[in-house]
Structures are given as C-alpha cells and as structure tokens.
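Asker: got a structure for you, letters missing:
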Ligand code: GLA
C-alpha cells in the first residue's frame, strides 16, 4: 500500500512506499518546507526526530558561511540568501525580481491506485501560489512530483524558471551519475560521471527530448551499486520539449538534482487568475541495484504511464478537443496491451510507395505472421522525396489512384491492422500549406529560416495551427480504417519566433508547442479509441514519460544494425520498458553500417523489445521466409514474458563482446534468455552465464533441449555457453519453464 502519514505536532509528512519512503517537514518558524529523508523505509517517529534536529534556523553568522545557506528546501524560489540552483524564478509587475514562499496548508487525496499529497505555498506579498504535488502508487516505489503556480495578483507575473522538483540525496562521499547520451543513429548510450563540486547540467535546447541526452538518471554513492545490488536513486522527467536536469554538489557537500522545463530563452507570462502546471518528474529509490531500478520503471510504466493521457491536467481542454478525456494514470490500473508484430516498408521502398508495391509487401508480410502493416513516408501529395509535400496530408492519386481505402481493405482482409506514417508538426516550403500560410512556421522576421531535411516547424503554440493539425488528422482517421499512426518529427527547432505575438510573450512557444502536441494526441485518442500511436523523431529523438503517456510504442533508432542495436537497447532498457522499444529486422547488409549479420542474429536482437520487420520481403529467399515464419511464431509465444516480464541484464559488453538479457514472467513460471556475441576476441570468451531471480529449489526445463536445471545451480554456476571463438555474431535464445 502507498500511504501518506502526517504528524501535525512534529510538522512532518512521510510518504510510504513498499520498500522506500520519502519525508519532509516544516522548519524555521513553520513557514519553510525542508527535505528530511529519501531511502529505505523508516518510521514516522524516527522522521519526527530528524525533523527536530533540522528545525533550527541558522544564525546570521551561520548564514554568512556558505554551507548553512544551502538548506535542503523542498522547493527553492530565488529570492533570499541562496546561491544554489533555484527551482523557481519569477518577476512581479512592480519590478520585484524574487519570490518568497511560505507554507499555508496541505491536502491528502486517496486515489483508487494511490495517493496524492498537495502542499500549498504562497508569496503573500504578491498573491502568487505554488502547490507542490506528490503522487505515490500502491505497489510501486515511484514518487511523482510537479508544481502548479497560480497568479492571484492583479498584474502579470513573468515566470523565468519553474522546475518540477528538487530532489535532495542523503549525505555520502562520492556520487556517481549514470545517464543516457548519444546522437542520431546512436541513441541511449549509457555513460557515467562522478559528481564534483559544482554543477553538471544535462539538457535539451532543441524543442524536443533529443537524441543527444535523455531525461533519465541514476545516482549511487561510493561505488556501491552494481546491476544486482546496492542503493540506487533514479529519476525520469515527463516532458517532450526543451528540458534541463541540474546535478549539483553544493559547497556544503550535499547533492541535489532539480529539473523540468529548460529556462533557456524561456519566459512564461502568467496573467491574473492564470495557472501553470509543470510536467511530472518521477523518481524512485531501490536497494536492489541498477537492475531493480529499471525493473521498477518498467513495471510502473506498464501499469500507470503507457497511453494514459494527460496525467496532471497540464492544459485546460482546448475548445476543439472532444469532451471525454482519457483518465489519468493513477485512476486506472489495467496492464497495457501487448504490442503486435509490425511490418514497415520504409527501408524497403523509401518514398517509392504505390498501391501495387504495398499490396505485394502486405501479402508477403501476412504470410510471415505480421499483425500490423504500416505504410511509411511518401503516400501523400507531392512527396517524391524529402524536398516537398509535408503539410499536404491528402493521398497522392498517382501512387494510390483509388485512394488508400482499397489497400486498407486488402491489409485488413489479410488479417492485419493498417498503419500510416505522418509528420504533422512539419512543413516543406514546397507545399500548398506553406504557400498559403508561410506565417504558420516558426521564424524571426529579419532572419533566414534555417531548413533541416528541407523542412520547417509549424508553430503549434498558435491555437489556430494546433486546431488545424487536430482537424487534419481527425479527418484522416475518420475517413479511413487506420488503426496505427507513426507520428514522426524529423528536425529540431531553430529561429523559434512568432512575430505576430511580439510583445505578447512569444517565448511561451517552448512550453505551449509541447502542451498543444499533448492536447492533440489526447484529443485524437479520445475521438479514435481504436487507434494506436508510435512516437518517432528521426529514430529515438522523442522518448520520455510525457510522450509515453500518449503512445503505445516508440521508434528506438534509425540505426537498424542488429549489433549496434544491442548497445542502443542496453541503454534504452535502463529507463524504458522493452514493450515500447520497437526493433525491426531489416535488409542485409544494413543500409547504415553496411554490416552483414545472420538473419537469426537480427531476429534475436529485435526480439529484445517489440518485434517488427522492415526488410524488402520481395528479396527474401524461401529459406529466409521459412526461418522468419518460425522465429515470428516463437516470438509470439514468448512475447508476454519479453514485453511484460522482469528484465535482468545478465552480461553487458565490456569485458567480453557478449551481452545477454533474461526476461522472467511475473509469476516466475517462465523465462527467456537472449544472448548476442559481437566480433570475438581470443581469450575473452565467457563460459557460463549466471541467471537471476529464480527459485533456487525449483527445477527448470529447457523448452527445446529438454534438459533440466536446478534454479540454484542456474543462479550460482550458470548456463554453459559456447566459448565465443568462431561465434562472431552468434546469438542464443533459451526458454526455460519452472516445473
Ligand atoms: C525518419 C524515421 C524513419 C522514416 C523516415 C521517413 O527518419 O525515423 O523511420 O519514417 O523518417 O521519412
């Protein structure tokens, strides 16, 4: 059970989760809210004791010394004697450029799936209210935090920085940060750094989540955590626009992490009576190492994030959106749907799509056991290449003379769902939309509009543009039996101007673009509940908890080389569930790396997440097709364990060019081991692979070899492996069932 305890006399709140707890309390004269504990479970009485020690306010002399100025406030407005990273910075109409917040009250709200605690703070001199939200879930160690600001004053307030949360870590000596970085074709590479005095800022200024950094982290101290054990604190931000995470080791020797919207170039003008809600920043604590941290993220995402819509009412419903909004995560508790095996023709055909060509691919795909057939880029008017067409979302009648309907019918008759690619936030200058509305794209009046992939970005912050995007897609989905949409975004922001809004806070585009994107997706999902969505951004450029609330899956990377993918997927799995991680088997040699890999290796690599095929099926031999039929059937049999089981990363590339994942069914009855060898090196072979999370006393049978193993032996001695020599790009799939 998730429970919130409040000791009124001690002025303490304790958020209790299954294996962890989080606590804060009133300090000073009862107006400040100060962090007390985040870690293993603790009793309210122990926390109240801590609160007593923390209550004393520093003297003026102590304040003078830097350390005392950095008290662990739950939310830090810039306004008094404080020099660490603030979470809030705002200006008032009279020119006062600082905020002072005092505690005014709190509310506890039980939810079917958890509990919310809201703490109200106010700047009484200016009637600015800040509500700190905390949400916990029954059965999970994840705590979500966000903030709502409300301007009750008579004039506008300019918010220059409004981060979602400030997380204080306990006092330890050496902190290690792990994070995900990369670039196009090489997303989610796992990196680590030791925190040193000062700040480390990881961010996106690109208007979207980015390939370069992903808003996820783990922190562990004194080298104590491993994949299998040790204390780990981890966080993830639910925002698909520019963001920043600041990791600061203060002069007082304390580490805090704060994050949310990027304040770079950002100002949000709050009119009298207006509210601003920041995106949720979720975090968890575990003593089970990096593996337990990622398993907890995966479990929680499946139960409470995927496709669950607007989780914090970040936006009041726009007039054009249908009334029945999806329920928020904590109100539902169903497990999300398994992902279908998908075919996508992008690598096979690029822009050269046609009715006959797609129909042939659909027939071949159906024979393999594909469940969802997706037509990618190239289907709409003017789209012969990437230089034209974006914005004109009507079918190209030269390629599809009778429209898409006959193809959709054929695909549906073949027993598959029909899916379509769109890139609705974009426009090519060579399009009717741009010729009619050049002002709809972001631009600065006196500057050249930089093109990237020959396209510009539509100003979705404009209500008329957002309404047009919704209307265009709503029509497309109403007129066709489309059941899956791949929503792409192939460039990042430049010249983010809105000249017509000069003097009226055009900088709000950084926030409003994404809020409107979310509103459009929420509205489309409400109007077309049978349609599933994939988030793509030139590969994995838009993967985060915010977009995951609106889609069923994401495109992991445009790099479909199955060996490179083993590494990309290793990083991805730290933060996000394998269920959303789309991986395709594509042509040989790979289009990007020119590497040739065995078909079986490609399948085993793609089976680590949600399986898809992206190859030109016309070129496959009968033997390849037969192998694919067998492997796709095998994938369907193990799919529930892969997509919704517990993931244990057994071995990762480092010492040996070998990596393996184990997936364990929720009830422990079944497990799958996938292993991949890279180019082998003499002497570096791994001989045995130790499994994890099994019942030591139980017997497990190998489904294909028929061999039996004791759980204890599998975890202690491990499975026997080939030496690795001569096994370049070999792979393994072992299925064990508990007897
Ligand atoms: C991006 C996507 C690809 C494909 C192309 C189409 O690069 O990541 O999967 O959809 O756009 O132009």
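Answerer: Good, I have the coordinates. This is a predicted model, so every value here is computed, not measured. Numbering: from 1, shown residues only.
Asker: From here on, just use CA atoms for contacts and neighbour counts.
Answerer: Will do.
Asker: got a pLDDT number for whichever residue of the stretch 401-550 of the chain sits closest to the ligand?
Answerer: As assessed by Cα to the nearest ligand atom, the ligand sits closest to residue 538 within the stretch 401-550 of the chain, at 3.6 Å. We have a pLDDT of 98 for residue 538.
Asker: Now it: phi and psi?
Answerer: Note on residue 538: its backbone torsions stand at phi 50, psi 50 [degrees, to the nearest 10].
Asker: and what of residue 522?
Answerer: phi -60, psi -40.
Asker: Report pLDDT for it.
Answerer: At residue 522, pLDDT is 92.
Asker: quick one, what contacts the closest residue to the ligand within the stretch 251-400 of the chain?
Answerer: Across the stretch 251-400 of the chain, the shortest distance to the ligand (Cα to the nearest ligand atom) belongs to residue 377, at 4.8 Å. Residue 377 makes contact with 346, 350, 351, 421, 422 under the criterion Cα atoms under 8 Å, 6 or more residues apart in numbering.
Asker: how does it look with 7 Å?
Answerer: 346, 351, 421 (Cα atoms under 7 Å, 6 or more residues apart in numbering).
Asker: and the next element down the chain from the lengthiest helix in the chain?
Answerer: Longest helix in the chain, counting residues (DSSP state H): helix 622-644. Per DSSP states H and E, the first helix or strand lying C-terminal to helix 622-644 is strand 646-651.
Asker: thought residue 207 was touching residue 494?
Answerer: No: at 8.8 Å, residue 207 does not count as touching residue 494 under the criterion of Cα atoms under 7 Å.
Asker: Tell me which residues of stretch 566-586 come out buried.
Answerer: Neighbour counts over stretch 566-586 (16 or more other Cα atoms under 10 Å) mark 566-586 as buried.
Asker: what residues does the stretch 451-600 of the chain put near the ligand?
Answerer: For the stretch 451-600 of the chain, the contact set with the ligand under Cα under 6 Å from any ligand atom comprises 490, 536, 537, 538, 539, 558.
Asker: same question but for the chain, I mixed them up
Answerer: 346, 376, 377, 490, 536, 537, 538, 539, 558.
Asker: So which of the residues of the stretch 451-600 of the chain next to the ligand are in strands?
Answerer: The members of those all map outside strands under DSSP state E.
Asker: Please flag which of the buried residues of stretch 566-586 sit within strands.
Answerer: Per DSSP E, the subset of the buried residues of stretch 566-586 in strands is 581, 582, 583, 584, 585.
Asker: Going by distance to residue 696, which of the contacts of residue 377 wins?
Answerer: The nearest member of the contacts of residue 377 to residue 696, counting by Cα to Cα, is residue 346 at 46.5 Å.
Asker: A helix includes the residue of the stretch 251-400 of the chain closest to the ligand, no?
Answerer: No: judged by DSSP: H, G, I helix; E, B strand; the rest coil, residue 377 forms no part of a helix; its state is coil.
Asker: what pLDDT does it get?
Answerer: 98.
Asker: What are the phi and psi values at it?
Answerer: phi -50, psi 150.
Asker: cool, the one 10 residues further on as well?
Answerer: Reported as degrees, to the nearest 10, the phi and psi values for residue 387 are phi -90, psi -10.
Asker: what about residue 96, how many residues close to it?
Answerer: By other Cα atoms under 10 Å, the residues close to residue 96 number 11.
Asker: hang on, it in a strand?
Answerer: No: assessed with three-state DSSP, residue 96 is coil; it does not lie in a strand.
Asker: what's near enough to touch whatever residue of the stretch 601-739 of the chain ends up closest to the ligand?
Answerer: Here the stretch 601-739 of the chain gets closest to the ligand at one residue, residue 614, 9.6 Å apart by Cα to the nearest ligand atom. When contacts are counted by Cα under 7 Å, 6+ apart, residue 614 touches 343, 344, 345, 346, 347, 348, 584, 585, 586.
Asker: Skipping adjacent residues, who's closest to the residue nearest the centre of the chain in space?
Answerer: Geometric centre of the chain, nearest residue: residue 544, 1.9 Å, by Cα atoms, centre = their mean. Nearest residue to residue 544 in three dimensions, chain neighbours excluded: residue 238, at 5.9 Å (Cα to Cα, 6 or more residues apart in numbering).
Asker: Neighbours of the one you found, how many?
Answerer: Quick note: residue 238 (other Cα under 10 Å) scores 28 neighbours.
Asker: thought it was touching residue 546?
Answerer: Yes: the pair residue 238 / residue 546 is scored as a contact, 3.9 Å apart, by Cα under 7 Å.
Asker: one step back: in strands, which of the contacts of residue 377 appear?
Answerer: Per DSSP E, the contacts of residue 377 map to strands at residue 421.
Asker: pLDDT and neighbour count added to the contacts of residue 377, as JSON lines?
Answerer: Shown next, in JSON lines, are those (pLDDT from 0 to 100; neighbours: other Cα atoms under 10 Å):
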{"residue": "346", "pLDDT": "98", "neighbour count": "20"}
{"residue": "351", "pLDDT": "98", "neighbour count": "18"}
{"residue": "421", "pLDDT": "98", "neighbour count": "22"}
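Asker: Which secondary structure elements does the helix or strand hosting residue 135 sit against?
Answerer: Residue 135 belongs to strand 128-137 when elements are defined using DSSP H and E. For strand 128-137, the packing partners by 3 or more Cα pairs under 7 Å, 6 or more residues apart in numbering; DSSP states H and E come out as strand 114-123, strand 142-151.
Asker: which one of these has the most crowded surroundings?
Answerer: Greatest average neighbour count among the helices and strands packed on strand 128-137 goes to strand 142-151 (a mean of 23), per mean count of other Cα atoms under 10 Å.
Asker: which other helices and strands contact the lengthiest strand in the chain?
Answerer: What stands out as the longest strand in the chain, according to DSSP E, is strand 157-168. When contacts are defined as 3+ Cα pairs under 7 Å, 6+ apart, strand 157-168 packs onto strand 88-91, strand 142-151, strand 255-261, strand 268-270.
Asker: And the contacts of the first one?
Answerer: It refers to strand 88-91. By Cα under 7 Å, 6+ apart, strand 88-91 touches 76-78, 97-99, 157-163.
Asker: Beyond the longest strand of the chain, next helix or strand please.
Answerer: On the C-terminal side of strand 157-168, the closest following helix or strand by DSSP H and E is strand 175-183.
Asker: Would you give the sheet partners of the helix or strand following that next one, along with the direction of each?
Answerer: The element immediately downstream of strand 175-183 (helix or strand, assigned by DSSP H and E) is strand 186-194. Strand 186-194 has its sheet partners listed here by DSSP bridges as strand 175-183 (antiparallel).
Asker: what angle separates the strand it pairs with from strand 255-261?
Answerer: 30 degrees (axes from the mean of the first three to the mean of the last three Cα atoms, to 10 degrees).
Asker: next one: strand 175-183 to chain centre, how far?
Answerer: With Cα atoms, centre = their mean, to the nearest Å as the basis, strand 175-183 stands 15 Å off its chain's centre.
Asker: Stretch 106-124 now?
Answerer: Distance of stretch 106-124 from its chain centroid, counting by Cα atoms, centre = their mean, is 25 Å.
Asker: Could you pull up the mean pLDDT of that stretch?
Answerer: Taken as a whole, stretch 106-124 has a mean pLDDT of 95.
Asker: So which residues make contact with it?
Answerer: 2-3, 99-105, 128-138, 330-333.
Asker: which ones are touching the residue lying closest to residue 431 once chain neighbours are set aside?
Answerer: Closest residue in space to residue 431, ignoring its immediate chain neighbours: residue 389 at 5.1 Å, by Cα to Cα, 6+ apart. Neighbour list for residue 389: 381, 382, 383, 428, 430, 431 [criterion: Cα under 7 Å, 6+ apart].
Asker: so which of these is the most crowded?
Answerer: In those, the most neighbours by other Cα under 10 Å go to residue 428, 26 neighbours.
Asker: one step back: next one: the residue nearest to residue 431 from residue 395, what distance?
Answerer: From residue 389 across to residue 395, the span is 11 Å (Cα to Cα, to the nearest Å).
Asker: Same check on residue 10?
Answerer: Where residue 395 is concerned, residue 10 sits at a distance of 66 Å (Cα to Cα).
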